[in-house]
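everything below, folded, please.
(chains A and B, ligands or ions: 1)
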Amino acid sequence: MSDGAMPTYVGMPSFPDAAREAVGDRRLRANLGRATATIRAKRAGAVAELDDWAALRESGKQIKDHVLANLGHYLRLLERRVTEAGGTVHWARDAAEANAVVTRLVRATGEREVVKVKSMATQETGLNEALADAGIAAYETDLAELIVQLGDGDRPSHILVPAIHRNRSEIRDVFRRAMPDAPEGLTDAPAELAEASRRHLRAKFLSAKVAVSGVNFAVADTGTLVVLESEGNGRMCLTLPETLISVMGVEKVIPTWRDLEVFLQLLPRSSTAERMNPYTSSWTGVTPGDGPRDFHLVLLDNGRTDTLADEVGRQALRCIRCSACLNVCPVYARAGGHAYGSPYPGPIGAILSPQIRGIGSDVDASLPYASSLCGACFDVCPVAIDIPEVLVHLRARAVESGPRHPLERAAMGAAGWALRSPARLALAQRVASASRNVVGRGGRIRRLPGPLKAWSATRDAPAPPPESFRAWWARTDGGRTEEDS
Amino acid sequence: MAIPWPWGGLRWRSAENVRRAVAGLRVRVAIFVTCVNDTLYPGTGKAVVRLLRRLGHDVGFPAAQTCCGQMHFNTGYRAQAVPLVKGFADAFAPYDAVVTPSASCAAMVREWHPRLVPAASGTASRVYELSEFLVDVLGVTDVGASYPHRVTYHPTCHSLRLLRVGDRPLRLLREVRGIDLVELPGADECCGFGGTFALKNPAVSSAMGADKAAQVRATGAGTLCAADNSCLMHIGGTLSRAGASVRPVHLAEILAATEGAPA
Ligand code: SF4
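The predicted structure follows:
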């Protein structure tokens, strides 16, 4: 991918460096720990209510795999249906093309403001910045997105709750500082904060002539677009403006309405632990006298077809952006979303960003390693993406492709050489045992040399034993000549 | 899990019956001790040998064994892992069953060896983590152990979510004489070890370890038990640095302990 693929994130530090800072931020850790623990427990409850969850999950996986295997067919069908219903379809190879299309469409209306709802794809492309460069102001209308947008230089840190890193007193401060129509004496009571944002947004909805939306699902069979949200802002954005521009990643297409049955069960329970999604909006092209008069659909590739070419990695394209994997991830809970250097944080970000952007940058090359491979993400993923499998696969790609980490490469080579031969392993063990009194005191080592310092900075290591298991076995004939075995 | 074992479905009532049945079958069982246990925790390997012998099984140790290749594989060094996989398959080919005191290595072997080296799949399918071997193959939960201490059990991620050993280790521990088993809060959360993750992301890994160590201390247990020494090395090393007196002890060592020969 070109450097311009996700312009906002150029020059991010590698994951371990960014995460180190986040780990030191106690307030962030507390905010995140509390929030993810709550939603994690709720999700588990909501999923446990359905005794056919495993079957639903399998269906979701199968539908997505079927679409991915026939992507060209379904996208062309979608284009035909949307066009028949009075919409216009645009194909964008990458972020720059998508931004150019949207900018041109907004310019053509003569407007200088747009309202936005639910769009990760446009975060991925950096649309807001591109519009700003063209003198067009974009207003986010999801509450959490609004908080992030008003928080100068802030970035989303969660898929569903982009402002999860903020607590309510921080939100109050952001509103007081950056929301021009914030009421005097605004407190951090949730109801007051909600009311302030509601009034602020209402004015935007009523005046906006152009809206930009994301898409959760696109039904190829009928050309219908579907957006799920929980604040009602989607309803406003999708019906009030005269022009609607929707931007979707090409993998969001599904064959028929029937398939929605599966995803409308999987998604709400996985993401917000709700049985049913609060506001599900669907629209097909344009309807005279009702809603937007002009509808445009932008189909975004931006590295997705490259991802599709990877037999192991392509499963990441099944993702329905529920964020369940973030909420169970022990690494995410401590590193926070910003460390992932993209709009896609957490486990899904760790496998998606390096695929759609490539592993050219420090942050992207480090993302496949941003996991202890504990497997909690795979267990909760509603479309059964084997995230640990993809992580390990991408690690292999990183190792095979680049001259990164020469020290690690040398160490792995040496370890592999020793482990390939039992005699060499035994020799290494004898050396270790001989050094036990030098390196360890009281059976433990408090300081290790070289790269192993990263271990001993916070953890003791065991001193090597007087003899290895294999030495013991050889000496005692497997314990047979030893009394107490 | 399906067990490719002619008498896998049978359940014996006591260790005594197992001893008699197994003695009559002449099944060749090997221990895969793992490179970490071989080098750093020989006591765990000895405990497995002692325990299985007590249950009437003789155990072989093919000295050609070294490592399952997990560290290389999980870090992305696939080409380095392949010879280790082949070496593993050759070393254990003559055995009917391979028992290992590491859930993580058992998962690596069963899950990945066949995909890396198809010829290794036969051997790989005969590899059991210790608690699986005891509960599923031998059909025993009371192994005649004695361990009169307060113990808390950490189910490691790979035992829980890769091998899915479920409550097998707990069923074994519950039968141990004198044990005071206390529940670990947040048990299913990762301790932050993750192999080379502990070195490549030390800040996050240490933060996870510190949280896990705090949960362990909150139980008041004097012993922390798990089915993997690498995780115990991580939590134990964190506890030890904090000056806590909790002792990390592998499941095998508790199950091998008796009144006459305590762990
Ligand atoms: S990877 Fe799975 S769990 Fe994570 S956001 Fe996507 S669908 Fe949800």
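
residues contacting residue 141?
Unless you meant another one, I'm taking chain A. Contact analysis of residue A:141 by C-beta atoms under 8 Å, 6 or more residues apart in numbering or on different chains lists A:115, A:116, A:117, A:201, A:204, A:205, A:233, A:236, A:237. Using the backbone N, CA and C atoms, a C-beta is placed for each residue, glycine as well.

I was thinking of chain B, sorry if that wasn't clear
Counting by C-beta under 8 Å, 6+ apart, residue B:141 has contacts B:134, B:135, B:171, B:172, B:174, B:175.

any weak-confidence spans in chain B?
B:1-26 (pLDDT under 70).

what does it put close to the ligand?
Residues of chain B found near the ligand (C-beta under 6 Å from any ligand atom): none.

who touches residue A:276 in this structure?
A:264, A:268 are the contacts of residue A:276 under C-beta under 8 Å, 6+ apart.

host element of it?
For residue A:276, there is no helix or strand it lies in under DSSP states H and E.

before we move on, the earlier item: report the entries of the contacts of residue A:141 that also contact chain B.
Counting by C-beta under 8 Å from any C-beta of the partner chain, the subset of the contacts of residue A:141 that neighbours chain B is empty.

name the nearest of the residues you listed relative to residue A:23.
residue A:116 (32.3 Å; C-beta to C-beta).

setting aside sequence neighbours, what's the nearest residue to that closest one?
residue A:212 (4.8 Å; C-beta to C-beta, 6 or more residues apart in numbering or on different chains).

on that earlier part again, which of the contacts of residue A:141 are buried?
A:115, A:116, A:117, A:201, A:204, A:205, A:233, A:236, A:237 (16 or more other C-beta atoms under 10 Å in any protein chain shown).

which of those residues fall in helices?
Counted as lying in helices by DSSP state H, out of those, are A:201, A:204, A:205, A:233, A:236, A:237.

tell me the residues of the stretch 351-485 of chain A that contact the ligand?
So far as C-beta under 6 Å from any ligand atom goes, the stretch 351-485 of chain A lies against the ligand at A:380, A:381, A:382, A:383, A:385.

so the third one touches residue A:57, yeah?
Yes - if you go by C-beta atoms under 8 Å, residue A:382 and residue A:57 touch, sitting 5.7 Å apart.

what's the closest non-adjacent residue to residue B:185?
residue B:215 (5.2 Å).

the helix or strand harbouring the one you found: which residues count as buried?
Following DSSP H and E, one finds residue B:215 within helix B:202-218. By 16+ other C-beta under 10 Å, the buried positions in helix B:202-218 come out as B:202-213, B:215-217.

and which of the ones in helices among the buried ones among the contacts of residue A:141 is nearest to residue A:330?
Distances from residue A:330 to these, taken by C-beta to C-beta, are shortest for residue A:233, at 32.3 Å.

what's near enough to touch the closest one?
A:117, A:141, A:142, A:143, A:201, A:205.

the nearest residue to residue A:216 once chain neighbours are set aside: what secondary structure?
Excluding its sequence neighbours, the residue lying closest to residue A:216 (C-beta to C-beta, 6+ apart) is residue A:228, at 5.0 Å. Of the three states, residue A:228 takes strand according to DSSP: H, G, I helix; E, B strand; the rest coil.

and residue A:225, by the same measure?
strand.

low pLDDT regions in the stretch 101-250 of chain A?
In the stretch 101-250 of chain A (pLDDT under 70), no residue qualifies.

pretty sure residue A:317 is touching residue A:252, no?
No - look at residue A:317 against residue A:252 with C-beta under 8 Å: they stay out of range, at 9.5 Å.

could you measure from the residue most central in space within chain A over to chain B?
With distances taken as C-alpha atoms, centre = their mean, the residue of chain A nearest its centroid is residue A:344 (2.8 Å). For residue A:344, the distance to chain B equals 18 Å [C-beta to the nearest C-beta, to the nearest Å].

now that residue. Nearest residue, chain neighbours left out?
Closest to residue A:344 by C-beta to C-beta, 6+ apart is residue A:352, at 5.0 Å.

for that neighbour, what are its contacts?
A:307, A:316, A:319, A:342, A:344.

and the longest helix seen in chain A, does that touch the ligand?
What stands out as the longest helix in chain A, according to DSSP H, is helix A:26-48. No - using C-beta under 6 Å from any ligand atom, helix A:26-48 stays clear of the ligand, with a minimum separation of 9.9 Å.
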